[in-house]
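> I'll drop the sequence and a predicted model, then ask my questions.
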Amino acid sequence: MTLRPEMADYLQLRATSGLPEVWQATVETLRANIENRPNASGTPEKIYDVEHRFIPGPTSEMPVRIYRPAKHAPLPALVFFHGGGWVLNSLDIYEQSLRSLANKGQFIVVAVNYQKSPEHPFPIPFDDCYATLLWVAKNAEKLGIDPDAIGVGGDSAGGNLASGVALKARDTEDVALAFQALIYPCNDNEMSYESARNNGDGYGLSTKSMKWFWEQYLSKKADAKNSYAVPVAAKDFANLAPAIVVTAEFDPLLDDGYIYAEALRKAGNTVLYREYEGQIHGFFSLAGITPQANELHQFLSDEINAILKR
């Protein structure tokens, strides 16, 4: 299939913007350059309540947003970790996406603005995300959350973090996760697969950019062997939470998601895999550009609820 027309127009606009590639500018410049990104994310829809608060983390207090679709409780919960290569982005960029998920799924979404690389490389972002899950589980009753219906999810680097958190939750038995929703995750730092070559340039996220992001996140060689940092390195994929894995046809990470989904499936886990044809990396948070963003939110919400009803 070819690129969806609105995505081709979006990529053309990006190509003529004159913005530097990630390896060509300082982190401060890169972060400043995406401050207008919420415009592409779409107008935030109405929701019953959004609570902004800080929670304690291992090394710092962490900003979280709690999206509540209705007054009644208890409700299931999705603990969400946003993408951006562990370096970029904020919860502002995900405001519409997370309101949409909460409304469509009628579950609570708790999103954390974890600390970023390169100032805070692995394990700090991961530890922040895991601590957020523990906080949600510990405070489930106060938050109006069903403690038996808590899952994790995220897109891109957030999908990596969700994958790692799911592995640790299984290993420690701290929380019995109900599901994991992995949106075009980056779980293999070597990227020695076909889509990294075929989709490596010209589709928004490039393979060179992704490798740069990995360099910022992994501060030591040993980190690449740690499954909480590089989930594909896990020696055992058994007994993990049911997974929903989403990929995009023109994403260098297309094969990454597919390979990880197959690893989960072969280990006996419940896995639902879906590739969105004509799409690029990042479309989950591009409701202002493509209608398929909201279609994806509906798909995820429906499938999360289907898992919870089993």
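Alright, I've got the coordinates. Quantities reported herein were computed from a predicted structural model and do not represent experimental measurements.

> For the rest of this, base every contact and every neighbour count on C-alpha atoms.
Noted.

> Quick one: the helices in the chain, in order.
5-15, 27-33, 38-41, 95-105, 124-138, 140-143, 157-172, 194-198, 207-217, 254-266, 292-308 (DSSP state H).

> Would you mark the buried spots in the first one?
What that stands for is helix 5-15. Residues 7-8, 10-11 are the ones in helix 5-15 that count as buried (16 or more other C-alpha atoms under 10 Å).

> For residue 138, give me the pLDDT.
Reading off the confidence values, residue 138 has pLDDT 98.

> for residue 142, same thing?
Note on residue 142: pLDDT of 97.

> Kindly report the same for residue 72.
If you check residue 72, the pLDDT there is 88.

> Please apply the same query to residue 38.
On the pLDDT scale, residue 38 gets 62.

> Equivalent analysis for the one 3 residues further on, please.
At residue 41 the predicted local distance difference test score is 90.

> What helices and strands are in contact with the lowest-mean-pLDDT helix or strand in the chain?
For the chain, using mean pLDDT, DSSP states H and E, the weakest element among its helices and strands is helix 38-41, scoring a mean of 78. Packed against helix 38-41 by the contact rule (3 or more C-alpha pairs under 8 Å, 6 or more residues apart in numbering; DSSP states H and E) you find helix 95-105.

> repeat that with 7 Å
Contacts defined by 3 or more C-alpha pairs under 7 Å, 6 or more residues apart in numbering; DSSP states H and E place helix 38-41 against no helix or strand at all.

> contacts for it?
92-94, 96, 285-289 (C-alpha atoms under 7 Å, 6 or more residues apart in numbering).

> which one is residue 285 nearest to, not counting chain neighbours?
Closest residue to residue 285 apart from its sequence neighbours, by C-alpha to C-alpha, 6 or more residues apart in numbering: residue 41 at 5.2 Å.

> what about the one you found, how many residues close to it?
Neighbour count of residue 41, defined by other C-alpha atoms under 10 Å: 23.

> distance of it from residue 119?
With the distance defined as C-alpha to C-alpha, to the nearest Å, residue 41 ends up 26 Å from residue 119.

> re earlier: what's the closest of the buried residues of helix 5-15 to residue 153?
Taking C-alpha to C-alpha as the measure, residue 153 sits nearest to residue 7 out of these, at 24.2 Å.

> Now do the contacts for that closest one.
By C-alpha under 7 Å, 6+ apart, no residues touch residue 7.

> Do you know the pLDDT at it?
98.

> do the one 10 residues further on as well
Note for residue 17: predicted pLDDT of 85.

> Let's have the buried residues of helix 5-15 in TSV, adding distance to residue 210.
Output for the buried residues of helix 5-15, formatted as TSV (distance: C-alpha to C-alpha, whole Å):
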residue	distance to residue 210
7	20
8	21
10	20
11	17
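
> For residue 257, state which of these is nearest.
Nearest to residue 257 out of these is residue 7 (C-alpha to C-alpha; 20.6 Å).

> Could you tell me how far the longest strand seen in the chain lies from the centre of the chain?
When the chain is scanned for its longest strand (criterion: DSSP state E), the result is strand 145-155. Distance of strand 145-155 from the chain centroid (C-alpha atoms, centre = their mean, to the nearest Å) equals 13 Å.

> With stretch 12-28 instead?
22 Å.

> What is the end-to-end distance of that stretch?
The first and final residues of stretch 12-28 sit 25 Å from each other (C-alpha to C-alpha).

> Pull out the buried residues from that stretch.
Per 16+ other C-alpha under 10 Å, stretch 12-28 contains these buried residues: 22, 27.

> low-scoring pLDDT stretches of the stretch 201-310 of the chain, where are they?
By pLDDT under 70, the stretch 201-310 of the chain has no low-scoring segment.

> what about 90?
Applying pLDDT under 90 to the predicted model, the residue ranges of the stretch 201-310 of the chain that meet it are 310.

> Roughly how far does the residue nearest to residue 285 sit from residue 291?
Distance of residue 41 to residue 291, given as C-alpha to C-alpha: 11 Å.

> Relative to residue 248, which of the helices of the chain is closest?
Closest approach to residue 248 among the helices of the chain (C-alpha to C-alpha): helix 254-266, 5.9 Å.
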